[in-house]
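1. fold the following for me, if possible:
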Amino acid sequence: MSESPWSQPSTVAGFVRSPPNETLLQVAAREWRASARLLDVGCGAGRNALPLADAGWEVVGTDLSTPMLMAAAARVADAQLANRVRLLRAPMEQLPLASAVFDFIVAHGIWNLARSSGEFRLAVREAARVARAGCALFLFTFSRSTLPEEAEPLPGESFVFTQFSGQPQCFLTQEQLVSELAACSFELDPTLQLRELNRSPKSALRSSSAPVIYEGLFRFTRE
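-> So this is what the prediction gives:
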């Protein structure tokens, strides 16, 4: 990951400055209970992990970028939250964690970075493996609405495209997203409507390079 843009000092510094997702914090506050455990997949520099730990969650954050994890660790130390946050270098599709141990999972801007549908599905399957029954999943991921209708996925893929950044990334329709998660027993939770952020009205031309993002809450239903 040393050559990855996610490890560049300017990118890390930008993530250190990034505010937490306020919707996530509100949902997590409703879900919290004593000794509840939360997994932040792709935690980056800790933008969400720190305020979640400060709110009482026992947090495990995973990422592949060592500079991001180092920045997160420094912030954890400064906030005196070392007793509530554990940071691990691990890929999203192979988590070095026990099964059925988390009450809340955050996949914030990480699963869309999967380079194939197979990698995406392995990541979702890993989340299901480590989730307890009833575990909440807060999802923040790219929407197919980001790309022009005429954009074609990579050969053999149904939702992996290169048109946005030049690299393979996942852009799912709502139907695809709900179906992929349902295959691993994550069902839509009606307490937070699945919505698209950054989407322009159909009558307006897209003037921003920001991706359209799905934000929503799912619930692990397998016993």
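2. all helices of this structure, in order?
-> Counting by DSSP state H, the chain has helices at residues 9-17, 22-31, 49-54, 66-78, 117-130, 174-182.
3. and those, which is most packed in?
-> helix 49-54 (a mean of 23; mean count of other CB atoms under 10 Å). (Each C-beta comes from the backbone N, C-alpha and C, glycine too.)
4. L95 is in contact with A131, isn't it?
-> No. Look at L95 against A131 with CB atoms under 8 Å: they stay out of range, at 11.0 Å.
5. follow-up on the earlier one: got the helices of the chain as TSV, with mean pLDDT columns?
-> Formatted as TSV, the helices of the chain follow (pLDDT from 0 to 100):
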stretch	mean pLDDT
helix 9-17	87
helix 22-31	98
helix 49-54	98
helix 66-78	96
helix 117-130	98
helix 174-182	98
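6. contact partners for V178?
-> Neighbouring residues of V178 by CB atoms under 8 Å, 6 or more residues apart in numbering: L188, L194.
7. before we move on, back to that, tell me which of L95 and A131 has more neighbours.
-> Comparing L95 with A131 by other CB atoms under 10 Å, the one with more neighbours is A131, at 26 against 20.
8. give me the contacts around the least confident helix or strand in the chain by mean pLDDT.
-> Ranking every helix and strand in the chain by mean pLDDT, DSSP states H and E puts helix 9-17 at the bottom, with a mean of 87. Here helix 9-17 makes contact (CB under 8 Å, 6+ apart) with P5, W6, G44, A45, R47, S65, P67, M68, A71, R75.
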